[in-house]
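K.L.:
A predicted structure for the sequence below; I have some questions about it.
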Amino acid sequence: QVQLVESGGGLVQAGGSLRLSCAASGRTFSIYTMGWFRQAPGKEREFLAAVSRTKTSTYADSVKGRFTISGDNAKNPVYLQMNSLKPEDTAVYYCAATSSTPSSYASDYSYWGQGTQVTVSS
C-alpha cells in the first residue's frame, strides 16, 4: 500500500501563489507517476499535472504556464507550484499515484491523498 499526504492549501487572494506538497510513504518503490487533481463543488475531478519517475511531466491546458509540478516521487515530496491563482481555481486538491505512465484519467491512479482545500478570493 501507498499512503499520500497533501499539505500547503489555504486561502489566497487572486493573483497570488501557493505551493502544495505531497509526501508518499509505504511501498513507494511501486510508484511510477504522481499526479495532481482538483475537484470543485458540483464538478467532476479534474486532472492538473503529472510527473513520472523519469521526470517527464504533463499538464492540463487549463493550468499550463501557471502551475508547475516537480519532485522525485520515489523518495521526496512532489510539489505543485501554483501561480497567478484565480477564483475559479478554488477546489479541493488531491495528490494521486500510479504504477503506470502519466495519465490524465483519475481512474488510472490507484492511490489518493485526503485532499487539501485551496480557496482563492477575488
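P.N.:
In hand now; what should we look at? Residues are numbered from 1 along each chain as shown.

K.L.:
quick one: low-confidence parts of this structure?
P.N.:
Counting by pLDDT under 70, the chain contains low-confidence residues at 72-75.

K.L.:
now the strands: where do they sit in this protein?
P.N.:
Chain-ordered strands for the chain, with DSSP state E as the definition, fall at 2-7, 10-13, 18-26, 33-39, 46-52, 57-59, 67-71, 78-82, 91-98, 111-112, 116-121.

K.L.:
who wins for proximity to Tyr105 among those?
P.N.:
strand 46-52 (7.3 Å; C-beta to C-beta). (Glycine included, C-beta is placed from N, CA and C.)

K.L.:
helices or strands up against the closest one?
P.N.:
strand 33-39, strand 57-59, strand 67-71, strand 78-82 (3 or more C-beta pairs under 8 Å, 6 or more residues apart in numbering; DSSP states H and E).

K.L.:
a markdown table for those strands, including mean neighbour count?
P.N.:
Written out in a markdown table, the entries for the helices and strands packed on strand 46-52 read as follows (neighbours: other C-beta atoms under 10 Å):
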| stretch | mean neighbour count |
| --- | --- |
| strand 33-39 | 25 |
| strand 57-59 | 17 |
| strand 67-71 | 19 |
| strand 78-82 | 22 |
